[in-house]
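Enquirer: Need coordinates for the following:
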Amino acid sequence: MAERIAILGGGLMGHGIAQVFACAGHQVRITDPIGEARARILERIAANLNELGLDRAALERVEVVDTLAACVVGADWVIEAAPEQLELKQQIFAEVEAAAPADAILASNTSVIPISQIMAKLTTKRRALGTHWWNPPYLVPLVEVIRTPETSDAAVEATLSLLRRAGKAPVEVKKDTPGFVGNRLQHALWREAFALIEEG
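Expert: From the prediction side, this is the model:
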């Protein structure tokens, strides 16, 4: 089943996430507040598809639009991929809540900020969660799906299903803790690597 995906942010992560869903047959709208970034989205996706030997027909399923409101109208999923700034992300979701369908699932792609903080000002928190993608999102299969105390089971299950159908390997993170699971394991490995070097 093709679903309508809205991606907010056309940078390093955003255009790659858009590519994943377009390649899986979904209709994707994507925007970025910076005109230069918007202008390069399709070019970046095309370059990735060419490099990976994938069908360029996926480009026909990606629409770049100028505004957040135009991006989220009619969306089934909204995925925010903005810079790691709490106030910015909160402002984005305030605008999303005003413009997106009331039943759209709202996801933040963040590596470090607790999802509960990002979604704190929403009036309907049961449809809000985190999706922590890894870079580059079109190559790394892992996506962490992070629930908050308010996130509904239905929103989590629907998101896990969507990601599996897009060829990803999602894992549910049941506690909204800073760094989630993957980053904390990664930092532990870094600490051990540095310790090995220091010990010669």
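
Enquirer: Mind jotting down where the helices sit in this structure?
Expert: Taking DSSP state H to define them, one finds helices in the chain at 14-23, 35-52, 68-72, 86-99, 115-118, 153-165, 182-198.

Enquirer: which of those helices sits most buried?
Expert: Of the helices of the chain, the one with the most neighbours on average (mean count of other CB atoms under 10 Å) is helix 14-23, at a mean of 26. Every C-beta, even on glycine, is put in place using the N, C-alpha and C of the backbone.

Enquirer: Run through the bridge partners of the closest residue to I30 other than its chain neighbours.
Expert: Leaving out its chain neighbours, the residue that sits closest to I30 by CB to CB, 6 or more residues apart in numbering is I7, at 4.1 Å. I7 has these beta-bridge partners by DSSP bridges: I30, I79.

Enquirer: I'd say I7 and D32 touch.
Expert: No - using CB atoms under 8 Å as the test, I7 is too far from D32 to be in contact (9.1 Å).

Enquirer: quick one: which of these two has more around it?
Expert: Using other CB atoms under 10 Å, the more surrounded residue of I7 and D32 is I7, with 32 against 25.

Enquirer: Tell me the spacing between that one and A166.
Expert: Note on I7: its distance to A166, by CB to CB, to the nearest Å, is 13 Å.

Enquirer: shared neighbours of the two, anything?
Expert: Shared contacts of I7 and A166 (CB atoms under 8 Å, 6 or more residues apart in numbering): F21.

Enquirer: Next, work out how far apart the closest residue to A102 other than its chain neighbours and G16 are.
Expert: Once flanking residues are discounted, A102 sits nearest to T124: 7.3 Å by CB to CB, 6+ apart. With the distance defined as CB to CB, T124 ends up 28 Å from G16.

Enquirer: next one: V171
Expert: 19 Å.

Enquirer: D103 contacts R127, doesn't it?
Expert: Yes - under the contact definition of CB under 8 Å, D103 touches R127, with a separation of 7.2 Å.

Enquirer: In terms of neighbours, single out the busier of the two.
Expert: Per other CB under 10 Å, whichever of D103 and R127 has more neighbours is R127, with 24 against 9.

Enquirer: Which residues are in contact with that one?
Expert: With CB under 8 Å, 6+ apart, R127 has these contacts: D103, A104, I105, L106, T151, S152, A155.

Enquirer: Near I30, how many other residues are there?
Expert: Neighbour tally, I30, other CB under 10 Å: 28.
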